[in-house]
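Asks: need coordinates for the below:
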Amino acid sequence: MNVFADFRQKIVAALRILTEKGDLPAGLDFANVTVEPPRDAAHGDLATNAAMVLAKPAKLKPRDIADKLAALLLEDPEVETADVAGPGFLNLRIAPSVWLKVLSAALKSGLDFGRCDLGAGRSVNVEYVSANPTGPLHVGHTRGAVFGDALAALLDFAGWDVTREYYINDGGAQIDTVARSAYWRYREAMGEQIEIPAGLYPGDYLVPVGQALAARFGDSLMDKPEEEWLPQLRDIVTEQMMAMIRSDLALLGVTMDNYYSEKSLYGTGRIEAALADLEGKGLIYEGVLEPPKGKTPEDWEPREQTLFKSTEYGDDVDRPVKKSDGGWTYFAPDIAYHYDKVTRGYDLLIDVFGADHGGYVKRMKAAVAALSDNKVAIDIKLCQLVKLFKNGEEFKMSKRAGTFVTLRDVLDEVGPDVTRFMMLTRKNDAQFDFDLDKALEQSKDNPVWYVQYAHARIASLLRNAAEAHGAQAVSDAALAQGDLSGLSHPEQIALAKKLAEWPRLVETAAATSEPHRIAFYLYELAGDLHAHYTKAREFPELKFVQDDLASDLPRLALARAVGVTLATGLNILGVTPLEEMR
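Replies: Numbers count the residues shown, from 1 in each chain. Predicted coordinates for the structure are as follows:
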């Protein structure tokens, strides 16, 4: 049940009646009519812009439309007041029975409360993490993993057919680098004193890889030239790095539907096919790019290259796809990969990149627009940097990784639930300072604790109610079928109104690809629940569990509906709804 959507239907129906009566001209478009909470709650429960957006096409004064619309809506028994404000906004106050219907809907829907059909079964590919398989995931990857995973879950909840995908960057020179690094660890495992050469990966995470190579090959690689062992080690080390990455993601609660190998694009004709598609559209040519803006590098020289006309699709400059020596640029396999996505038939593509890939946004959007003839949309989300703090100081690099703080370092400190929720308390494109000490506090300042405590608090009172009245008497089925008319206190109605925001919030968060909205809402709902407990000290009638089953049932239904909503939101974020706090 979505109160805002339901009342929008009522308002559109009333506008059609006004059209039939001749109070509005025929042919008006009602698409931009909205129903939202008023900016000031004192003005009512719902506000609509109907009169404002229709006044110009109807060639009428907004207040004239609003007055007639208000009069018609007041005939509905669920509308208590309809007041015209300002130039023509219409504020409605609706009957308490509407909010009680929300509670019933939450109890009957359970963990599907708020699920909607915004996606209408359309398919979306959400690509996230996609870290180079050269080492463990670091804290920057962690934020992208959490954001991408929560976004995928949110879109699924909103009716999209979601594919979660990881693009394995296993086709570039960095794979040679990690293979060479592992080879030195292999020599170390064979008993040789080593010093990792400059330019290779020094992290201890390659020690077990070297040991595994020693167990597999013995000393057979020791005297072989690089051209013999490097091709063999590339695949082996990549597999081991990806096994480590999959393990890291599993600890964070992230499971991918598909892992797509960049290497599969080379030597298979896939890159050539993608570029042939663009060439057939007249978008590939041989040309010379202008020098970079600003100071021209000393080693720059004009060279003819194979270029993609990305400027025809909004890019700043055309982009090279083949170098003057005949090799592919980094952009060429990315085009081929997205061509593959397009040919798989997705309606929407979402790429989650780190902030350092901001310069890639326009060219990728241009490529997808060209490859799909503007039929497939792509949305690229950038995740800004994360700074970790502990004991008031920036958290130092991981000894194991050698140069950065790993995902496992973070999980060892605070665990997956705290990591996920905290990283969703900021919009993805805002820099985030993660205070590890604050994340473990048991206080209102720690949002994940605050929300989990609210859920656990409700679980505890329901256990108490089951002991007092019997489990069957306070089961979800009994609460869903109960009479809720006993809920009349303004505090109870206010809590029900907060629950009514949830279905609309889900739609808004999914439409804008902003899962942080879910975290914000859960924190607010938890705050309202805790405040309700505090109010019960002043107003004993608000106490959820008292002595009489009949009077307890509606209050328990309210509590359970809050619990269901908290659990549903936490599930979307990939955070455990705790039944009790440690």
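Asks: in what helix or strand does Thr534 lie?
Replies: helix 516-538 (DSSP states H and E).
Asks: so what touches that helix?
Replies: 150, 154, 421, 424-428, 444, 447, 450-451, 453-455, 457-458, 491, 494-495, 498-499, 501-502, 505-506, 508-509, 542-544, 559, 562, 565-566, 569-570, 572-573 (Cβ atoms under 8 Å, 6 or more residues apart in numbering). Bear in mind the C-beta positions are built from the backbone N, C-alpha and C, glycine included.
Asks: hmm, Glu262 is touching Gln174, no?
Replies: No: contact criterion Cβ atoms under 8 Å: Glu262 and Gln174 do not qualify, at 10.8 Å.
Asks: which one of these two is surrounded by more residues?
Replies: Glu262 (20 against 15; other Cβ atoms under 10 Å).
Asks: not counting sequence-adjacent ones, nearest residue to that one?
Replies: Gly171 (3.8 Å; Cβ to Cβ, 6 or more residues apart in numbering).
Asks: identify the residues contacting the one you found.
Replies: Ser261, Glu262, Lys263, Leu265, Tyr266, Pro333.
Asks: what about Thr403, which SS state?
Replies: Classification of Thr403 using DSSP: H, G, I helix; E, B strand; the rest coil returns coil.
Asks: is Ile168 bridged to anything, and to what?
Replies: Ser261 (DSSP bridges).
Asks: what about it, distance to Gly210?
Replies: 22 Å (Cβ to Cβ, to the nearest Å).
Asks: do Leu542 as well
Replies: In terms of Cβ to Cβ, Leu542 sits 64 Å off from Gly210.
Asks: for Lys68, same thing?
Replies: 80 Å.
Asks: show me the shaky parts of the stretch 251-400 of the chain.
Replies: 294-300, 399-400 (pLDDT under 70).
Asks: sorry, back to before: quick check: the two most widely separated of the contacts of Gly171?
Replies: Farthest pair in those (Cβ to Cβ) is Ser261 and Pro333. Separation: 10.5 Å.
Asks: the two: which has the busier surroundings?
Replies: Per other Cβ under 10 Å, whichever of Ser261 and Pro333 has more neighbours is Pro333, with 23 against 17.
Asks: can you pull the contacts of the spatially closest residue to Trp99 that is not a sequence neighbour?
Replies: Using Cβ to Cβ, 6+ apart and skipping residues adjacent in sequence, the residue nearest Trp99 is Ala496, 3.8 Å away. The contact partners of Ala496, by Cβ under 8 Å, 6+ apart, come to Trp99, Leu100, Val102, Leu103, Leu487, Leu558, Ala561.
Asks: check what pLDDT the fifth one gets.
Replies: Leu487 carries a pLDDT score of 94 in this model.
Asks: neighbours of it, how many?
Replies: Count around Leu487 with other Cβ under 10 Å applied: 19.
Asks: for it, give me its contacts.
Replies: Contacts of Leu487 (Cβ under 8 Å, 6+ apart): Pro96, Leu100, Leu103, Ile493, Ala496, Pro554, Arg555, Ala557, Leu558.
Asks: put together a markdown table for those, with distance to Trp184 on each row.
Replies: Below are these laid out as a markdown table (distance: Cβ to Cβ, whole Å):
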| residue | distance to Trp184 |
| --- | --- |
| Pro96 | 72 |
| Leu100 | 69 |
| Leu103 | 64 |
| Ile493 | 69 |
| Ala496 | 64 |
| Pro554 | 70 |
| Arg555 | 67 |
| Ala557 | 65 |
| Leu558 | 64 |
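Asks: send me stretch 52-61 as CSV with only the CA atoms.
Replies: Once non-C-alpha atoms are left out, stretch 52-61 reads as follows in CSV (Å, rounded to 0.1, in the frame of the first residue of the first chain):
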residue,chain,number,x,y,z
MET,A,52,0.0,24.7,-10.2
VAL,A,53,1.1,22.5,-13.0
LEU,A,54,-2.3,22.6,-14.8
ALA,A,55,-3.0,26.3,-14.6
LYS,A,56,-0.9,27.4,-17.6
PRO,A,57,-2.2,24.7,-20.1
ALA,A,58,-5.7,25.1,-18.7
LYS,A,59,-5.4,28.9,-19.0
LEU,A,60,-6.9,29.2,-15.5
LYS,A,61,-5.8,30.7,-12.2
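Asks: for that stretch, buried residues please.
Replies: Residues of stretch 52-61 classed as buried by neighbour count (16 or more other Cβ atoms under 10 Å): Met52, Val53, Leu54, Ala55, Ala58, Leu60.
Asks: in the longest helix seen in the chain, what counts as buried?
Replies: Using DSSP state H, we find that the single longest helix of the chain is helix 226-252. Residues of helix 226-252 classed as buried: 229, 233-234, 236-238, 240-242, 244-245, 248-249, 251-252 (neighbour count, 16+ other Cβ under 10 Å).
Asks: kindly indicate which of these lies nearest Phe113.
Replies: Leu252 (25.9 Å).
Asks: surely that closest one and Leu407 touch.
Replies: Yes: between Leu252 and Leu407 there is a contact at 6.4 Å, judged by Cβ under 8 Å.
Asks: all the strands of the stretch 351-500 of the chain, residue numbers only.
Replies: Under the criterion DSSP state E, counting those that start in this stretch, the stretch 351-500 of the chain contains strands at 377-383, 386-390, 393-394, 432-435.
Asks: can you put those strands in TSV and add distance to Ala274 and mean neighbour count?
Replies: Listed next are the strands of the stretch 351-500 of the chain as TSV, based on distance: least, Cβ to Cβ, whole Å; neighbours: other Cβ atoms under 10 Å:
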stretch	distance to Ala274	mean neighbour count
strand 377-383	15	19
strand 386-390	34	17
strand 393-394	43	10
strand 432-435	36	18
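Asks: which of these sits closest to Val33?
Replies: Using Cβ to Cβ, the nearest of the strands of the stretch 351-500 of the chain to Val33 is strand 377-383, at 25.0 Å.
Asks: export that closest one to PDB, keeping only CA atoms.
Replies: The C-alpha trace of strand 377-383 is given here as PDB (Å, rounded to 0.1, in the frame of the first residue of the first chain):
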ATOM      1  CA  ALA A 377      20.700   3.700 -21.200                       C
ATOM      2  CA  ILE A 378      23.800   3.600 -19.100                       C
ATOM      3  CA  ASP A 379      24.100   5.200 -15.700                       C
ATOM      4  CA  ILE A 380      27.600   5.500 -14.300                       C
ATOM      5  CA  LYS A 381      27.900   5.900 -10.500                       C
ATOM      6  CA  LEU A 382      31.200   7.200  -9.000                       C
ATOM      7  CA  CYS A 383      32.200   6.300  -5.500                       C
END
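Asks: in its sheet, which strands sit next to it, and in what direction?
Replies: Per DSSP bridges, strand 377-383 is paired in its sheet with strand 348-354 (parallel).
Asks: how distant is the partner strand from the center of its chain?
Replies: Counting by Cα atoms, centre = their mean, to the nearest Å, strand 348-354 is centred 11 Å from the centre of its parent chain.
Asks: any idea which helix or strand carries Tyr285?
Replies: strand 284-288.
Asks: picking that back up, after the helix holding Thr534, which helix or strand is next?
Replies: For helix 516-538, the following helix or strand on the C-terminal side (DSSP H and E) is helix 549-573.
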